[in-house]
Each structure stands twice: as structure tokens, then as C-alpha cells.
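Student: what shape does this take:
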Amino acid sequence: MAHPTRTGATRSPLAILLAFLLLLTPQVLAVSAVVGIDLGTEYIKAALVKPGIPLEIVLTKDSRRKEISAVTFKPSTSGPKPGSFPERAYGSDAMALAPRFPGDVYPNLKALLGLPVDSTEVREYAARHPALKVVPHKVKGTAAFKSAGAFTQEEDAWLVEELLAMQLQSIRENAEALAGPGSPVRSAVLTVPVYYTIKEKRALELAAELAGLKVLSFISDGMAVGLHYATSRQFPNVNEGGKPEHHMVFDMGAGSTKATVLRFQSRTVKDVGKFNKTVQEVQVVGSGWDRTLGGDALNYLIVDDMIAQFAASPKAKAAGVEADAVRAHGRTIAKLTKEAERVRHVLSANQNTQASFEGLYDDIDFRYKITRAEFEEMAATHAQRVGVAVQNALTAAGIELKDLDSVILHGGATRTPFVQRELEKILGAEKLRTNVNSDEAAVFGAGFRAAELSPSFRVKEIRVSEAATYPAGIKWKTDEGKEKQQRLWTASSHLGGAAKEVTLPNRKDFSATFYQTVPAPASDAGSVDVETKVLTTKNLTASVAELLEKHNCEKSDIRLKLSARLASENGEVDVARVTVECEVEVKEGFVDGVKNLFGFGKKEQQPLKDGESAEEAETAAEAEASSSTKELVVIPVKFTLERSGAQLSKADIAASKDRLKAFEASDRSRKQREEALNQLEAYTYHVRDLLEKEDFIAHSTAEERATLEKKNSDASQWLYEDGADAPKEELKARHKELKAIVDPIQKRIDEAAKRPELVKGLQDALKSTKEFVADIKNKIAEYEAWHSSKSASESSTSTSDSSSATTAPPSSSSGDFDGLEDDDTTITTTTATAMEDVLKERGPVPPLYTLEDLKASEELYISIAAWLEEKLPEQEKLGPTDDPVLLVKDLTDKREKLDKAGMELAMKGVRNFEKRKASEGKGKGKDKESKKKSKKAAKKSSGTGTESSSAKPAQQTIEIRPGEDGKMPSQEELEEMLKEFIKEDKKANEEQEGQKREEKTEDTKQQGHDEL
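Tutor: Below is the predicted model of the structure:
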């Protein structure tokens, strides 16, 4: 008999730790913030989502809602040094340095991601930025940049991904500043153009990884705008017969133009349990684009016109200036490009404008004028290209213009007048919608998608479906070496859809490549298949042999099946499984035969046929029972799936990360050095002011002032000479040297200003403590004296009463009706006598403290008073330039100790009062019970004596709580509280005494009636 399986096996410590980490993961993610980034060609925008911040734009360091996509290396004035890093600038600060350092300013890098150095886009970029040195990367072959003057020539070229990672790092830092301490930003959703290929997406993913960001998903520009559009709208339900809406997002930014047709609808789906829910759906059904039509292309038209007019000007002709020479001059092109963009923006709202340049080239001034009509004439061919993207999108979507419900405009270039006219001509003015934020709709959509993908947030459920954009398929070779190819996805296939299952004839281990059909890089026509991933099987040959030998499969019946899909996050091919299978015959086993023998099998008994004997029927049944059934045998095939093409190795990526970290460390060190420099410079001016102040002169010696003045002068002179480039440590040392002279003098000034008030406060506190302790001691002595006197009196009274009870003669008998009169005088006298007895019996109020409670405060008073008596004369003997001996710190410390002791003493009194109140409450309950019994006994015996007991009035409770600032009351405040408490307690006692007097009168009268 087999042993039962152990279910309580001891888990290893590692397993327990992993389980604990998995348990904590949701809580860790719950406090994380996510960010959506709209990565534009010219601008980068980001939206942060975190608990408490639903969806907010991340501001730049100068409080702008978008950052110019540029990074600059600012060369050092002393020249580059090996192993050192220059200062970096981002955004508008970077572009401001372009005219000075055109060879180290890198703008609009998005268009170069993942492209080889010989591509049309890279060559055009290099022509428009002549000062930049574009070189092929040694591993990837894509564009990289050599610094013109910020680094030594031995420094490796900077990848586009590394430069873009620097910008993303800056965005992440701004987002973390908005999120607040303890909220790191590590996850993001990034927008990408719809035409991005797998290689371009990988390059952007690498840039995000180098910046410390995990890409949750990419989202196309059009889908991001459509998602933001859907967050505040409800669309027709297709389950209820509703017709989906079709909207086009026309996005014309700085670098490109995209048109995306989206289908919006809602659907009723199954929810948890028996409930249903309605979800919104947004699907990309078609796209069109122009990779080079955008705001930059229009700017270049103006730049070319500026160069042409400048070269044709009389001064330039006289100097022999040629247009090609101007185009190759980096600083001149940087000035013209910056001004051309301003001119284009002005022409969008005005009919004409102008620009002036001082010393544009070869110290020649230039004045440029242009009208809107001239600009639109230059852009006539560009205007014709606007409609191409729109028509391509409609064709890809398979719909007509009339099927569009609206066209949503997005991107800054859509505000150009001739672009709007072209759209109105093609689409109709009634279809154009401007009710969506044309600048921030995409970033808000990306932020919403980030929140949707993060487990930390719960948002409105909107299901998005991106299109593949490019066809994709698989290539492989058969066992005979014949090349095969099969297209698996079309341009309209949706990412994240159902997996495609492919049956391959291979029986031996092989490699297959997945490809993507993209436009040819070097021409405007044609396409090329670009490999994206390589699949390699590991045990296919062995698995086929197992089927042949163990399961007796026919070789022709063996099939290899592969299941693959396009990932919704990035469009990459994801292979779910690879299996090899065949159908085999399975004979009936022994157990099945026994079941059939006893009638438990699957087959039912059939009646005998006409003329058939029992033996013949049994023989036929046995033959049928021995027949076999078909069964599918499936064996999983192990495989690897790797990215194809030139990829950075893990070591290369680690080296790039270390390089960027070293750059960050250099930035931090530089910032700290600049802070030290600013602090020293500001302190030198502060010292100059101090040397002229009367209080500083009064508390410092002439020698100290002379030394300070000389050192301060030396520091100021040093700052303007060698100190500007001095290291942080030397700057701090100079600062410390000056402070060493100033601080003691400043301390004397501060001590002299604060000491009198603190001394007086301490003396007052000592006086109050002394009086308080003495008063409590007197009360304790008074109460103890009264208590001793009462004890002696009670002892004497008890002896006298006993003697009287033994020797007194019996009272003379009176008449039968004596004592029946109601004598008011007797009653009043009895009441007054009873009240005097009560007051005598009560005595003084019992003190709240014991002598032991006062011991700590008394000892502290003695020590502080002795210390003050010793230090005060010593301080009075010192002059203003001497270092004080009675310090503010010590005075404050002594006062705090005294206040603390007073507070502790007050709290002891409160606790003692509460204890006494509780014990009196218990005693009062017993007195009431005893009184009831005495009354009953008196009524039964009709006696004349009734023992009266007076209950003490209910005491009030004083509550001492911290104030709004979290501090306990001071000694003065505590004394006021205690005075108010005693006053209210006295008032309550008087009310109780009056009530008791009334009750006593009533009791006396009742006693007389009882006697009667």
C-alpha cells in the first residue's frame, strides 16, 4: 500500500520569505505613483496619478505644463577633463544655450529612435543640425552623437536612447517632487506614434529602462486622445441594437501627422456573480500618417527662405557669403531655427511679421519680413499632403467619410490656418471638433491608462484595442531545407487578441523567425520584412522519437503546433506554447474488462438477433471489447524566444546605467558646490554688514574685528579669482573659518539680549514653587494637628459617656401629656447645635499631597536656586566682550526642569483626588445602606434618637490636557486652573451645605412629630 502524500511538509525559510513578500506586494504597490508621458517631438508632457492626486499635470521646475524635448551639455570654461561630466540643462534652458553651444544641444530626438544612421530621417536631421556630430553606434548601428566640446574625444558617443533617458529622468524627478516624499515614480505609460515599428518601440523602452522607469504599456497618440475623449462620455450599447460611433483623431504635431479612426461603443458583459455590467470599448480600426509633415517641416520652409534672403542681401553679397556656408554654420542655424518657429506662430494670428538678427553671420546684421500669404505659398505642397493621411486612415478602416461622426483635432500645428482650411475642404467644417484639449488630451489619456493598468487604482472600465499597424508573420525552413513563410496578422489585427495556432510539418529541432513588414527605410516606395524574434526548439527531435517509439505513431500523423499572439503592451510576438502531437490507438485495459464483465462498462447489452445463438453473441461481444480507441497524445516542446537584430547586451545596458548614474552623481556634486559657493559669497556680504552694526561692535574686541575684516576681504578677493572653480570642500572650509570668528560674537549678542527675561522668569518660577510647597506643607501640618486633636477629643468623650451611663439617676417621670407641645425654640436650638457639630466634625479640607510627594520639587528648587545664586554674580562681573557663564541654554533647561516638576506634582494631586473620590463613593454607598436600616429600626422601636450622617458634596474633576500646539500647560496656566478649580469646588460645597441645612431642619421637625 502506498504511503499517503504529506500535506504538512516543512517549508524552507526562503519559501516563507517569498510568500511574505508576495503578501506585501499589493500593499507596496498601493502606495506607488504612476505617470503617463506624452512623448512629443518638440514637447514632453506628463500626468501623475497617485492616492490623493487623481490626475494632475507634472509641472517643470519653472512651473510650465510642458517641457521642451531637449538636453544640453554645457562645456566647462576650463575645457573638458577625462572622467569628468559637464553641466546639463533641459527644456527651455537647454534651447537658450543653442546659439552658444550648438554642437552640444540635442533637440527633437524622438524622430531618430531605432533608426539606422543611413536612414532618410537621420540624414535630414543631421542636415538641419549641422553642428551635431552624428556617428553610427558601434553595436546597434543606430544614430549616436559625439560631443563637440563638453567631453574629451576619448568619450564614447551618446546613444539617442541615453540622451532621451536623461530627459525622462528629469520628468521623473519632477513627478516625484509633485508626488511628495515616500512616493517614488517607477511605472509609466508612454505615447508612441501609430507608425512606430517594433525596433522603434524597443529603443523607447530601452530609454525608459535607463531612466529607471518600467513601461506598463505603450499607447498610440490617437488612442490616447480617444481614451481621454471616452472617459467623460457614454456610447451606444451594441447588445441593445445601438450603432457604434466612428471618430477620427487628426494629430499634427511638430514632427509628423497622424490620422486615426476609432470605433466607440458600449457592451453588456458578465460581472461578478449573477450580475451584468456595461463597459465602454475603444478600438483602432484604421490609421494613416506622414512621418515628416509637421511644425518642424513648416519651420524649415521659413529657415530656407531666411537663408535665401540673407544670401541675396547686398551686405552678404559684398562679403561673398553663400547659402551653403550659412546652412553649415551651427550657430547661425540655431538662431534662425529658434526665430522661425516664433515667426510661424505669429503668422497663425497675424497677416505679417518680421525678425531681426544682429551679427547673424560674419558680423552681418539681417532683417527678415514675411506675410501669411507668402508663407502659405511656400507651404502649398505641404498643404496637399494633409489630406493623404486622412484618406489612408479611412481606407484602412474600410469606411467612408460620411460614416465619421466627428474629427477631433490634436497637436499644435492643427492651429495653422491653411491646415484648418484643408481639413474643412476635405472633411467639412461641421465634422471638425475643437472641444478636446489639443495640447493635453493625449497625456491625460496616457495617465488614465497608467492608472487602469496599475493595481493601485480603480477607474472607469474602458477596454481599448490597438491595431497592429503593420502585417506580421513567421518564416522557417522545413526538414528538407525548404524556406516557408506564413502571414499571421494583418495591419488591422488587434493587439492582445486571440492567439493564432500554426501547424508546421517539421519533425526535427529548428529555428523560426517572426517578422514585421515595414516600409523600406531608404525609399518612399516598397516594403521589407524585418525580423523581430527568433524561436528555437530544444527537444522537438526527442519528442518526435518518443511518439514513434513509445506510442507507435505514424510519422505522417505527427503534427507540430505553435500558438502565438501579439502582446497588447508593445505589439511584440508572444509564443504561448509549442506542442507535438498525434492520435494513437489505445487498447482496453484489464480494469475496463472486469467492469464490462460485471456490467459496469460503457457498452450496454444488446438482445440476441434472430437465429443467433448465445455462443455467437458472446464471441462477437469479445471481439468488440478487444477493439481499440483513438487518443490524442500531446508532448510540450521546450523552446527559446529571443529578440533578433542588433541588441545591447546586459553588460552594455549595465554600463549605460552606470554612466548615467555617474552623470547624476556629478550633477549632485556640482549642485552642492554651487550651494557652498553661494553661501560663502552671501556670508562675506553679511560679515560686511555686521562690522558696521553697533551691537556687534559693542560685543567684540578691536582685535577680533580686525581679524574678521582681513579674513573676509581675503575670502572675497579669492572668490573673484581662483575661488570660482574651487571644490566644495575648500569653499566650506573658508566659510567655516569666517563663522569661527563671527559665531562667538553673535552668541554674546544673543545671550545678552535674551538673558534678562529668562533670569526673571526663572526667579519668578522659583518663587512660585517655594510658596506653593510651603503652602502645601502648612495645610498638611494643619490637617495633621486637627486630626490628632479630634482623636484625643473622641477618646475623652467616649470615657465620659461611659461614666454617665453608669452613675446617672433615672429621669423623673412626668405627666402623661408632658412634651406633647410643638416647641419651635427647642427645634431651632437643636438645628443650630447640629450644624456646629457637623462643621466641627468636618474640620479642614484634607490636603491632596503628602510630604513624600513634595520631596522631588523641593530638592529641585534647592539645587536650581543655589546654582542661580552662584552664576548670577559671576555673570554680573563680566563685560560685554567676555564670553558669558550664565547661558541661555542653561536657563532654559533649568526652567523646563522646574516646569516639568510642577506638572508632575499637579498630576499627582489630580490622581490623589481621583483616588479619594473613588473611596468616598464606596463609603457613601455603605452610609446610605446603613441609614436605611437605622430608619427602619427607629420606626419599629419609636425611639427618639436618630443618628444623622452627612454625605460630603460631590467633588469636581480637573482635566489637564495638551493644548492645540501639543504642549502641556505652563506653571502659570496650571496655577490659574487650580485656582478656578478651588473656587468652583468651594461654591459647590456652599450649595451642598445650604441643602443639608434645609434637610437637617426637616429631619428635626420630623423627629419631633415621630416623638409625638
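Student: in the chain, which helix or strand is least confident?
Tutor: Using mean pLDDT, DSSP states H and E, helix 13-30 stands out as the lowest-scoring helix or strand of the chain, at a mean of 38.
Student: what's the next secondary structure element after that helix?
Tutor: Sequence-wise, the next helix or strand downstream of helix 13-30 (DSSP states H and E) is strand 33-39.
Student: tell me the pLDDT of Asp725.
Tutor: In this prediction, Asp725 carries a pLDDT score of 81.
Student: report the contact partners of it.
Tutor: By CB atoms under 8 Å, 6 or more residues apart in numbering, the contact set of Asp725 is Thr77, Ser78. No exception for glycine: its C-beta is placed from N, CA and C like everyone else's.
Student: for Lys81, see how far away it is.
Tutor: Distance, Asp725 to Lys81, by CB to CB, to the nearest Å: 12 Å.
Student: try Asp695
Tutor: Asp695 is 48 Å from Lys81, where distance means CB to CB.
Student: ok but Gly497 is inside a strand, no?
Tutor: No. Under DSSP: H, G, I helix; E, B strand; the rest coil, Gly497 falls outside any strand and is assigned coil.
Student: surely it meets Leu566?
Tutor: Yes. At 7.1 Å, Gly497 and Leu566 qualify as touching, with contact defined as CB atoms under 8 Å.
Student: looking at these two, which one has more neighbours?
Tutor: Leu566 (24 against 13; other CB atoms under 10 Å).
Student: quick check: closest non-adjacent residue to the more buried one.
Tutor: Leu495 (4.8 Å; CB to CB, 6 or more residues apart in numbering).
Student: so who does that neighbour touch?
Tutor: Leu495 is in contact with Ser465, Glu466, Ala467, Ala468, Leu566, Ala567, Ser568, Gly571, counting by CB under 8 Å, 6+ apart.
Student: check what pLDDT it gets.
Tutor: Per the predicted model, pLDDT is 94 at Leu495.
Student: Ser220 too?
Tutor: Ser220 is assigned 96 on the pLDDT scale.
Student: surely it meets Val189?
Tutor: No. If you go by CB under 8 Å, Ser220 and Val189 don't touch, sitting 11.4 Å apart.
Student: thought Lys533 was touching Glu572?
Tutor: Yes. Using CB under 8 Å, Lys533 is in contact with Glu572, at 7.1 Å.
Student: the longest helix out of those in the chain packs against which elements?
Tutor: When the chain is parsed with DSSP state H, its longest helix is helix 728-807. Helix 728-807 sits against helix 650-690, helix 694-698, helix 702-719, helix 851-877, helix 888-941, helix 971-1011, with contacts defined as 3 or more CB pairs under 8 Å, 6 or more residues apart in numbering; DSSP states H and E.
Student: next, the buried residues of stretch 705-722.
Tutor: For stretch 705-722, burial by neighbour count (16 or more other CB atoms under 10 Å) applies to Arg705, Leu708, Lys711, Asn712, Ala715, Ser716, Trp718, Leu719.
Student: got the contact list for the nearest residue to the fourth one once chain neighbours are set aside?
Tutor: By that I understand Asn712. Nearest residue to Asn712 in three dimensions, chain neighbours excluded: Val687, at 4.5 Å (CB to CB, 6+ apart). Contacts for Val687 (CB under 8 Å, 6+ apart) come out as Leu708, Asn712, Leu738, Val742.
Student: for Leu677, state which of those residues is nearest.
Tutor: Lowest distance from Leu677 to these (CB to CB) belongs to Leu738, with 14.1 Å.
Student: what's the closest one in contact with, if anything?
Tutor: With CB under 8 Å, 6+ apart, Leu738 has these contacts: Tyr683, Thr684, Val687, Leu708, Lys711, Asn712, Ala715.
Student: got it, and Leu535?
Tutor: Leu535 neighbours (CB under 8 Å, 6+ apart): Ser511, Ala512, Thr513, Phe514, Leu562, Val575, Val578, Phe639, Thr640, Leu641.
Student: 10 Å instead, please
Tutor: By CB atoms under 10 Å, 6 or more residues apart in numbering, the contact set of Leu535 is 474, 476, 510-514, 562, 564, 573, 575, 578, 639-642.
Student: tell me if Ala383 really is in a strand.
Tutor: No. Ala383: not assigned to a strand; according to three-state DSSP it is helix.
Student: isn't it up against Thr416?
Tutor: Yes. Ala383 lies in contact with Thr416 (CB atoms under 10 Å); the separation is 9.4 Å.
Student: ok, Asn239 touching Lys277?
Tutor: No. The pair Asn239 and Lys277 does not pass the contact test of CB under 10 Å, sitting 11.7 Å apart.
Student: beta partners of Arg565?
Tutor: Residues in a beta bridge with Arg565, per DSSP bridges, are Asp574.
Student: now it: how far from Glu581?
Tutor: Arg565 sits 20 Å away from Glu581, going by CB to CB.
Student: and the residue nearest to Leu566, how close does it get to Ala567?
Tutor: 7 Å.
Student: overlap in contacts, the two.
Tutor: Contact criterion CB under 10 Å, 6+ apart; residues shared by Leu495 and Ala567: Ser217.
Student: OK, contacts around Arg233?
Tutor: Glu245, Phe264, Ser266, Gln280.
Student: confirm that it sits in a strand.
Tutor: No. Assessed by three-state DSSP, Arg233 does not belong to a strand; its assignment is coil.
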